[in-house]
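Colleague: using only what follows, build the 3D model:
(2 chains)
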Amino acid sequence: MNHDPRFPFPDDDPAEREWLAQERALADERAGAGPNAGDPAQRGYRLVAHLLAQPLDAQLPPDFARRVARQVERPARAADTRFEGNLLALLAVAMAFAVLVAVVSFGATWLPSLDLEAAGALAAKPWLWALAACLGLSRLSRHWLQHDRMA
Amino acid sequence: MDASCPPNPDRELVDAVLRGAPGAFERLVRDYQGLCWHIVYRMVRHPEDARELCQETFLRVHQCLHQYRYESALKSWIGQVAYSIALRHLQRKRIPLFEPAAAAADDAPLLLENLGDDFDLEQAFGDAQVARRLHAAVDALPPVQRTVLTLYHLEEASIPEIAAITGLATGTIKSHLFRARLRLRDMLEGRLGVDA
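Modeller: Sure, this is the predicted structure:
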């Protein structure tokens, strides 16, 4: 007697027989059996199994994984930048405070030795202002560019 | 590493994501986006909603990955997250998840119908209209039933894996599979005009 060893003999329960027919049709489909191979009584289930194994009509966009990963990394990077920024601000405040303390403590000895007239003459030179403006503009443009890239 | 204990790819991937290795999370998403899509799209049917829910799924996975304890396969754990997010979406929209008990009982008289011997299955395999009809019939199934069917047939998940993802008992899953396939076969036979 021909019997498929993958499946137990069905008992008399029609539902059990039907379940086994469904499973046998699925196994035949996965084994790549020809469409008309196997039990003709199971052809309906073979067709169901074949069609259910086809890809869904809609799919995720091809760059889905990259976009989700970028979305997850962005807040982390923003948090890092915030931390760095806070650290820099703290450092700047500490340095300004140190300068103030140095001026208050030791300024009386070295402040009068500064040649204020020479400093004034240097500040009156137009090229010095132009240089400062260029440096400032360059710094600002870099800041704007970084902002655009983040957004 | 102990030679008798092969490396666990799930563990390697999870560790890489948790230590923030470049590209690790993108690889995790790529590996499991198909599973997520099969669950979520089959549950909600609306492509735009499904895309957003898949995105939400992976954001949640990233957020909660440190809580994953390897008690189930990573596939089942991610599937569970996707399933619960889709389920909550349907519950918010008040869409029934299961078929009414009366409809389930209606399947019984159809048990012994079959396609005739002269039916050309090869032709039906390539028939786009037949495929469209079947997919329309799948869409008409209740959300949980069509998701179980898709996981079993398309994702080739085993019944215990589906149980881990959906939290349903294995007997319930078998019952869903049985009724859904019966209904689809009967629908195809009816639409193809083949004598029973």
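
Colleague: for the helix or strand containing A:Val48, name the packing helices and strands.
Modeller: Element membership for A:Val48 (DSSP states H and E) is helix A:43-52. Contacts defined by 3 or more Cβ pairs under 8 Å, 6 or more residues apart in numbering or on different chains; DSSP states H and E place helix A:43-52 against helix A:14-30, helix B:121-125, helix B:128-139, helix B:143-153, helix B:170-192. C-beta: built from backbone N, CA, C; applies to glycine.

Colleague: whether the next helix or strand after the fourth one contacts chain A - can you check?
Modeller: When you say that, I think you mean helix B:143-153. For helix B:143-153, the succeeding helix or strand toward the C-terminus, using DSSP H and E, is helix B:159-166. No - applying Cβ under 8 Å from any Cβ of the partner chain, one finds helix B:159-166 separated from chain A by no less than 10.7 Å.

Colleague: next, the angle helix B:170-192 makes with helix B:159-166.
Modeller: 100 degrees (axes from the mean of the first three to the mean of the last three Cα atoms, to 10 degrees).

Colleague: buried residues of helix B:159-166, list them for me.
Modeller: B:Ile159, B:Glu161, B:Ile162, B:Ala163, B:Ala164, B:Ile165, B:Thr166 (16 or more other Cβ atoms under 10 Å in any protein chain shown).

Colleague: tell me the contacts of the fourth one?
Modeller: In this structure, B:Ala163 makes contact with B:Ala169, B:Thr170, B:Ile173, judged by Cβ atoms under 8 Å, 6 or more residues apart in numbering or on different chains.

Colleague: of these - the most surrounded one?
Modeller: Within the contacts of B:Ala163, B:Ile173 tops the neighbour count with 24 neighbours, counted by other Cβ atoms under 10 Å in any protein chain shown.

Colleague: any idea how far A:Tyr45 is from that residue?
Modeller: 18 Å (Cβ to Cβ, to the nearest Å).

Colleague: what does A:Trp127 give?
Modeller: 89 Å.

Colleague: who's more crowded, those two?
Modeller: The neighbour count for A:Trp127 versus A:Tyr45, taken as other Cβ under 10 Å, is higher for A:Tyr45 (27 against 7).

Colleague: any idea which helix or strand in chain B has the lowest mean pLDDT?
Modeller: One helix or strand of chain B scores below all others by mean pLDDT, DSSP states H and E: helix B:101-105, with a mean of 51.

Colleague: helix/strand/coil for A:Gly38?
Modeller: Per DSSP: H, G, I helix; E, B strand; the rest coil, the secondary structure class of A:Gly38 is coil.
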